[in-house]
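**Student:** From the sequence below, what's the structure:
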Amino acid sequence: MIGKLTGVIDSHSTDGQLIIDVSGVGYTVRVPLLVLPELSGHVSLYIHTAVRDDAIDLYGFPTEEGLGFFKQLMSVSGIGPKTALSIMSVADPASLRRAIAAGDAAALTKVFGLGKKSAERIVVELRDKLAAQHAAAGLSLGAGGDGEVLEALMALGYSAAECRKVLKDLGTEGEGEVKTRLSAALRRLGTPTRV
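**Tutor:** All right, here's what the predicted structure looks like:
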């Protein structure tokens, strides 16, 4: 079982597949589309190995948090690794956790091939676990936060990498206020704002 790969990206495709060269051996690894632009050169990924009758697939994540959330999604009945990866390609794990813990199944229906019933099943099976984790960590499940700002910016056509960079550059400016933070992010991106 492979738990972590460290090597150089040999090639990548737009569908989220990387070939990572580890000491002359090329491993094909699937990653969430949101992290694809952030990966280049030398990488280290936490790996989930999915063994089937006809294939061994590797799914990679830059953080242990990402891998842990991926495994939580797969614990839901009817959710396999490909569906879990598709879900994680829509938004970052923190935003998805917050949406599920808050009971927001609509946030998950943005995933191609994930219907309303499957999204509701994920919320029902994971909501209590994630709400308990949020409470233990002292995090709020409120509607605010950078997750919503990130989603709004991406809906306007900005890449995940651009959005994360501008939010990082904002620091604590407008923290806790989605509208204020979105306006500030759009100003920095050079877009006239009508929020």
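
**Student:** Tell me which residue lies nearest the centroid of the protein.
**Tutor:** With the centre of the chain defined as its mean C-alpha position, the nearest residue by Cα atoms, centre = their mean is D92, 3.0 Å away.

**Student:** Need the per-residue pLDDT for it.
**Tutor:** Confidence per residue is given as pLDDT, and for D92 that number is 79.

**Student:** Also S23?
**Tutor:** Per-residue confidence at S23 stands at 90 (pLDDT).

**Student:** That one contacts G7, doesn't it?
**Tutor:** Yes: between S23 and G7 there is a contact under Cβ atoms under 8 Å: 7.3 Å. All C-beta atoms are positioned from the backbone trio N, CA, C, and that covers glycine.

**Student:** With neighbour numbers in mind, choose between the two.
**Tutor:** More neighbours surround G7 than the other of S23 and G7, with 20 against 7 (other Cβ atoms under 10 Å).

**Student:** Does Y158 fall in a helix, a strand, or a coil region?
**Tutor:** Three-state assignment for Y158 (DSSP: H, G, I helix; E, B strand; the rest coil): coil.

**Student:** Let me see the contact set for it.
**Tutor:** Going by Cβ atoms under 8 Å, 6 or more residues apart in numbering, Y158 touches L189.

**Student:** distance of it from T180?
**Tutor:** Taking Cβ to Cβ, to the nearest Å as the measure, Y158 falls 18 Å from T180.

**Student:** ok, now K82?
**Tutor:** The span separating K82 from T180 equals 38 Å under the rule Cβ to Cβ.

**Student:** Then A161?
**Tutor:** 23 Å.

**Student:** Same question for S11.
**Tutor:** S11 is 42 Å from T180, by Cβ to Cβ.

**Student:** now do I47
**Tutor:** Taking Cβ to Cβ as the measure, I47 falls 39 Å from T180.

**Student:** Of the two, give the one with the bigger neighbour count.
**Tutor:** Set side by side, I47 and T180 give different neighbour counts by other Cβ under 10 Å, the larger being at I47 (18 against 15).

**Student:** Show the pLDDT at that one.
**Tutor:** For I47, the model assigns a pLDDT of 93.

**Student:** Could you report the neighbour count for K117?
**Tutor:** Residues contacting K117 under the criterion other Cβ under 10 Å number 10.

**Student:** Could you pull up the contacting residues of it?
**Tutor:** The contact partners of K117, by Cβ under 8 Å, 6+ apart, come to none.

**Student:** how about a cut-off of 10 Å?
**Tutor:** The contact partners of K117, taken as Cβ atoms under 10 Å, 6 or more residues apart in numbering, are 78, 105.

**Student:** and what of the one 5 residues further on?
**Tutor:** With contact set as Cβ under 10 Å, 6+ apart, I122 has these partners: 72-73, 75-79, 83-84, 87, 96, 99-100, 105, 108, 111, 114.

**Student:** Likewise for L67?
**Tutor:** 3-4, 45-48, 59-61, 93.

**Student:** No further queries at this time; thank you.
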